[in-house]
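Enquirer: Structure for this input, please:
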Amino acid sequence: QVQLVESGGGLVQPGGSLRLSCAASGFTFSRYAMSWYRQAPGKERELVAVISSAGFTTRYADSVKGRFSISRDNAKNTVYLQMNSLKPEDTAVYYCGASPRGISSAVDYWGQGTQVTVSS
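Expert: A predicted model of the protein is given here:
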C-alpha cells in the first residue's frame, strides 16, 4: 500500500536548521511531483514547497524563499526539506504529499506529518 513517512522534525531554536525527510513506497515515486505542506494550530494547511517529478522545477511559498530548499532522490524514493534560519512562525506540523499530475495538481497521497517547533 501507499506510504509516506516523514521524519526529522523536532525542537530547534530560532535561527537554527532542520532537515525533513519523507520516504515513499507503494507507488512509482519518480512519476510524482512531491510537496511539503504545513499546518499550524488554528490555521489552514498551506503549501511550503513543491518539486517536479524529475526534480528540475521547484516552487516555494514567499514566506520560506531563501531559507528552505526542497530536493529529491528518486533512487531512494525520498524527498527532503532543508530548513535554515528557522523562525517561531515556522512552527507547525509538516506533511509531505504526492501529486501524479504535476506541481500544480492536487495531492493524492499524504504522510502522517512531523512536528517542527521553533522556540527558545
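
Enquirer: Can you check the pLDDT for Phe27?
Expert: Looking at Phe27, its pLDDT reads 96.

Enquirer: Kindly provide the distance from the nearest residue to Thr58 once chain neighbours are set aside to Arg101.
Expert: If the residues on either side of it in the chain are set aside, Thr58 comes closest to Ile51, at 5.0 Å by Cβ to Cβ, 6 or more residues apart in numbering. The way it works is simple: take the backbone N, C-alpha and C, and place the C-beta from them, glycine included. As judged by Cβ to Cβ, to the nearest Å, Ile51 and Arg101 stand 14 Å apart.

Enquirer: same check, this time on Ala92
Expert: For Ala92 relative to Arg101 (Cβ to Cβ), the value is 26 Å.

Enquirer: quick one: contacts for the residue nearest to Thr58?
Expert: By Cβ atoms under 8 Å, 6 or more residues apart in numbering, the residues touching Ile51 are Ala33, Met34, Ser35, Thr57, Thr58, Ile70, Ser71, Arg72, Val79, Ile103.

Enquirer: List phi and psi for it.
Expert: phi -130, psi 140 (degrees, to the nearest 10).

Enquirer: Quick check, pLDDT for it.
Expert: 98.

Enquirer: and what of Arg101?
Expert: So, for Arg101, pLDDT stands at 87.
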